[in-house]
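[1] dropping a prediction and its sequence here:
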Amino acid sequence: MIRARVSFKPGINHGFVADDIEQVATELRGKTTELIREIRGPRWKIDDEFVKHCNGLKMEVRLPS
């Protein structure tokens, strides 16, 4: 579930905060997105993921801080 939409870094069109980033990452990989970068934290869980949609938009999905 995506909780909020925020803006993060230059070059990223959209940013989202998700409670369950593993589920969101799985859903995004199942669609027409290209993984740009994935940042993993302790115990190899995803903390931050950057993807590029087929329409050219770049998105960042991260855990709440």
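    Happy to help now that I have it.
[2] every contact and neighbour count from this point should use C-alpha atoms.
    Will do.
[3] okay, residue 40: pLDDT?
    Note for residue 40: predicted pLDDT of 86.
[4] err, residue 4, not the other one
    Residue 4 is assigned a pLDDT of 48 by the prediction.
[5] go on, residue 9?
    Note for residue 9: predicted pLDDT of 59.
[6] try residue 51
    For residue 51, the pLDDT comes out at 87.
[7] contacts only, for it.
    For residue 51, the contact set (CA atoms under 8 Å, 6 or more residues apart in numbering) comprises 33-37, 58-60.
[8] that one belongs to a strand, doesn't it?
    Yes - judged by DSSP: H, G, I helix; E, B strand; the rest coil, residue 51 forms part of a strand.
[9] what about the residue lying farthest from the centre of the chain, is that helix, strand or coil?
    The centre of the chain is farthest from one residue, residue 43, which by CA atoms, centre = their mean lies 18.4 Å away. Under three-state DSSP, residue 43 falls in the helix class.
[10] now it: how far from residue 32?
    Using CA to CA, to the nearest Å, residue 43 is found at 28 Å from residue 32.
[11] just residue 54 next, same as before
    6 Å.
[12] same question, residue 19
    According to CA to CA, residue 19 stands 22 Å off from residue 32.
[13] equivalent analysis for residue 51, please.
    10 Å.
[14] what's the answer for residue 50, then?
    The gap separating residue 50 from residue 32 is 14 Å, by CA to CA.
[15] which element, helix or strand, includes residue 23?
    Using DSSP states H and E, residue 23 sits in helix 21-30.
[16] what's that helix packed up against?
    Here helix 21-30 touches strand 46-53, going by 3 or more CA pairs under 8 Å, 6 or more residues apart in numbering; DSSP states H and E.
[17] that older thread, nearest to residue 24, of the contacts of residue 51?
    The closest of these to residue 24 turns out to be residue 60 (CA to CA; 11.2 Å).
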